[in-house]
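K.L.:
could you work out the structure for the sequence below:
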Amino acid sequence: MPKMTPSEALVETLVAEGVQYVFGIVGSAYMDALDLFPAAGIRFVSVAHEQAAAHAADGLARVTGRPQVCIAQNGPGVANFISATTAAFWAHSPLVVISPETGSMGIGTGGFQELDQMPWFQACTKYQVRVNRPERVPELARRCFYIAKAECGPTQLNIPRDYFYGELTCDIRQSDDVRRGAGPAAALQEAARLLAAATYPVILAGGGVSMADAVAETTALAEYLTAPVVNTYLHNDSFPWTHPLSAGPIGYCGSKAAMRTLAKADVVLALGTRLGPFGTLPQYGLDYWPAAARIIQVDIDHRPLGQSRAAHLTITADAREHAGALLACLHAQQSTRPPNPQRLADLQAEKAAWHAELDGWATTPTVRMHPRAFLKAMAAAVPPNAIVSTDVGNTCSIANSYFGSIGARQFLAALSWGNCGIAYGLALGAKLGCPDRAVFALQGDGAYGISGLSEVMTAMREGIPVIAVVINNNQWGAEKKNQIDYYGSRFVGTNLTNPDFAQLARVMGAEGYRVERADEVPEVVAAALRCGKPVVIDAIVDGSPDVLAEPFRRDALKAPVRYLGKYKKNM
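P.N.:
Below you'll find the predicted structure:
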């Protein structure tokens, strides 16, 4: 076995795992390993803030399906990974967080930049380990990669800074492959029996469909059953909206056609989804979850099965393998099955009504460009193979109704963690993973101020030509809607005064465009795609109360009550 330092063993392990990029900010704690990256063929991508590093690694992991790495200085640098690591956790994204820490002899003494980093990551990782001997660095690093793949989530490798030095002898090898099955044979037969006998079967396609590249198998299953397919919340790439059986997404600012369709189901195949509670809440006043339906829940992780919604049948399985095996079971029971024209016609009618309602909203006269008119134009202008990341906020949530004519691993969202500022970092990683595809980051002006504004410097420095789309209405729209509906339009902290984001982009060396009319969008997007540089599109949209979407959480807000006189008089 060759002799090497722990730093060399760590870097060689990254090479064995196929790591090409490591995201972070330089720090003395891991500089001995950092010095080896160029010779190892690993590109270190230096960001403006560590949160963006973890988001970028997450974005790269989402588009490639392989574990990706972020690293930072111990203490404050590593602490800045927390929110982004949590986002990756809820996205089931294989992220390996390498967290150098204070030297082994100084742990617990309160030294410079000391932080007990393990508890911070306990709730947002699938596995974490503190290296207890330098000789174990490659073994424990390999373990982090394996569990990130096996359990579809982040892991943490915590290394005392003095353990990068020394010598050891070891063999370097890649972590084992993870193989998953289609589920137990008896469960497959039962699922096939339920679906074959269903009067109105519906497939609820979750993120697991996209992550398992199971769109083709899901399509074949839907076509055999003439089953409408509904996307789960913020997984618009789990089934293409262009398919006749697609109903669109459920959840906040989703498709009313999808919600009404799901409400009619007597059997639901929830494929590749944990059925997260926020993604199935009533929307638009519609309590659409089919309480009397038989639910077949299939997920690669056994822990959330039956947790948020009761299920008649729960199956731990890979979405792609399960969909293929389930279709085979259905064929064995009945080799051919006539299509159901009535169900298809019913779905088309629901979609037509929903699209007419969307168009009606987008054409409502406004002082500035209607945000829905802008989003509709953007969705039409974005190339079919493009990757779109979206942030949180009122207008970005409205985008859920417009971006769905795309393939697997092409729609990257904040999901249920919902942290502002995620989209630009995701876009950076996605562009590195898919350099031949256009990558758009949709952010409100508030979210763009958190991350995009500073990370344009990263995009310029690193030569990563992502296209930021700032939906600029000079407000924190989601919270402003709450203040309108519950607090008498008393605006505290929700009004923003923004600079010219397009001009700022040009100052930083990027390209910037300002859009004030929806008919300008096609030309601006075409120019952004041609220029080959990082781009910021500053879209000036109307922010009046009547264009804002429903509040995020009507279920979590109550009408205010005031007892003290100085507060009552302001009601």
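
K.L.:
quick check: residue 23 is in a strand.
P.N.:
Yes - counting by DSSP: H, G, I helix; E, B strand; the rest coil, residue 23 is found in a strand.

K.L.:
what about it, neighbour count?
P.N.:
31 (other CB atoms under 10 Å). C-beta coordinates here come from the backbone N, C-alpha and C atoms, glycine included.

K.L.:
the residue lying closest to it once chain neighbours are set aside: what's it in contact with?
P.N.:
Leaving aside its chain neighbours, residue 23 sits nearest to residue 53 (3.8 Å; criterion: CB to CB, 6 or more residues apart in numbering). Residue 53 is in contact with 23-25, 45, 47, 70-72, 81, 84, 425, counting by CB atoms under 8 Å, 6 or more residues apart in numbering.

K.L.:
tell me the mean pLDDT over stretch 314-322?
P.N.:
Mean per-residue pLDDT for stretch 314-322: 97.

K.L.:
please export the C-alpha coordinates of that stretch as PDB.
P.N.:
In PDB, the C-alpha atoms belonging to stretch 314-322 read as follows (Å, rounded to 0.1, in the frame of the first residue of the first chain):
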ATOM      1  CA  THR A 314     -46.600   1.300   1.300                       C
ATOM      2  CA  ILE A 315     -43.700   0.000  -0.800                       C
ATOM      3  CA  THR A 316     -40.000   0.800  -0.400                       C
ATOM      4  CA  ALA A 317     -38.600   0.800  -3.900                       C
ATOM      5  CA  ASP A 318     -36.800   2.700  -6.600                       C
ATOM      6  CA  ALA A 319     -39.400   4.600  -8.700                       C
ATOM      7  CA  ARG A 320     -38.000   3.500 -12.000                       C
ATOM      8  CA  GLU A 321     -37.700  -0.200 -11.200                       C
ATOM      9  CA  HIS A 322     -41.100  -0.200  -9.500                       C
END
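
K.L.:
distance between that stretch and the chain's centre?
P.N.:
Mean-position distance between stretch 314-322 and its chain equals 21 Å (CA atoms, centre = their mean, to the nearest Å).

K.L.:
which residues touch it?
P.N.:
With CB under 8 Å, 6+ apart as the criterion, stretch 314-322 contacts 180-184, 187-188, 191, 206, 208-209, 211-214, 217-218, 271-272, 296-302, 305-306.

K.L.:
for ChimeraX, what selects the buried ones among those?
P.N.:
Entered in ChimeraX, the line below selects the buried ones among those, by 16 or more other CB atoms under 10 Å:
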select :182,183,187,188,191,206,208,209,211,212,214,217,218,271,272,296,297,298,299,300,305
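
K.L.:
mind checking which of the contacts of stretch 314-322 land in helices?
P.N.:
187-188, 191, 208-209, 211, 217-218 (DSSP state H).

K.L.:
now render these as JSON lines, adding distance to residue 91.
P.N.:
As requested, the ones in helices among the contacts of stretch 314-322 are arranged in JSON lines below (distance: CB to CB, whole Å):
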{"residue": "187", "distance to residue 91": "27"}
{"residue": "188", "distance to residue 91": "28"}
{"residue": "191", "distance to residue 91": "26"}
{"residue": "208", "distance to residue 91": "11"}
{"residue": "209", "distance to residue 91": "14"}
{"residue": "211", "distance to residue 91": "9"}
{"residue": "217", "distance to residue 91": "22"}
{"residue": "218", "distance to residue 91": "20"}
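
K.L.:
quick revisit: in terms of helices and strands, where is the residue nearest to residue 23?
P.N.:
Element membership for residue 53 (DSSP states H and E) is helix 50-64.

K.L.:
now for the lowest-mean-pLDDT helix or strand in the chain, which elements pack on it?
P.N.:
Counting by mean pLDDT, DSSP states H and E, the chain has its least confident helix or strand at helix 394-398, which shows a mean of 86. With contacts taken as 3 or more CB pairs under 8 Å, 6 or more residues apart in numbering; DSSP states H and E, helix 394-398 sits against helix 371-381, strand 439-444, helix 477-486.

K.L.:
quick one: buried residues of that helix?
P.N.:
Buried positions in helix 394-398, judged by neighbour count with 16+ other CB under 10 Å: 394-398.

K.L.:
would you turn these into TSV with distance to residue 60?
P.N.:
What follows is the buried residues of helix 394-398, written out as TSV (distance: CB to CB, whole Å):
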residue	distance to residue 60
394	28
395	26
396	21
397	25
398	27
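
K.L.:
and which of those is nearest to residue 278?
P.N.:
Relative to residue 278, the closest of the buried residues of helix 394-398 is residue 397; by CB to CB it sits at 11.7 Å.

K.L.:
just checking, the closest one touches residue 253?
P.N.:
Yes - with contact defined as CB atoms under 8 Å, residue 397 counts as touching residue 253 (4.3 Å).

K.L.:
off-centre distance for stretch 436-454?
P.N.:
With CA atoms, centre = their mean, you get 14 Å for stretch 436-454.

K.L.:
could you give me the average pLDDT of that stretch?
P.N.:
95.

K.L.:
start to end distance for it?
P.N.:
24 Å (CA to CA, to the nearest Å).

K.L.:
now that stretch: buried residues?
P.N.:
438-454.

K.L.:
where do the strands sit along the stretch 401-550 of the chain?
P.N.:
For the stretch 401-550 of the chain, the strands defined by DSSP state E, counting those that start in this stretch occupy 411-412, 439-444, 467-472, 511-515, 535-540.

K.L.:
could you point out which of these sits nearest residue 372?
P.N.:
It is, among these and with distance given as CB to CB, strand 467-472, at 10.8 Å.

K.L.:
ok, residues contacting the closest one?
P.N.:
By CB under 8 Å, 6+ apart, the surrounding residues in contact with strand 467-472 are 371, 374-375, 378, 395-396, 424, 427, 438-445, 448, 452, 456, 498, 501, 505, 525, 528-529, 534-541.

K.L.:
give me that answer again for 7 Å
P.N.:
Strand 467-472 has contacts (CB atoms under 7 Å, 6 or more residues apart in numbering) with 371, 378, 395-396, 424, 438-445, 448, 452, 456, 498, 501, 528, 535-541.

K.L.:
who are the contact partners of the closest residue in space to residue 495 that isn't next to it in sequence?
P.N.:
Nearest non-adjacent residue to residue 495, counting by CB to CB, 6+ apart: residue 475, 5.7 Å away. Residue 475 sits next to 494-496, 543 when contact means CB under 7 Å, 6+ apart.
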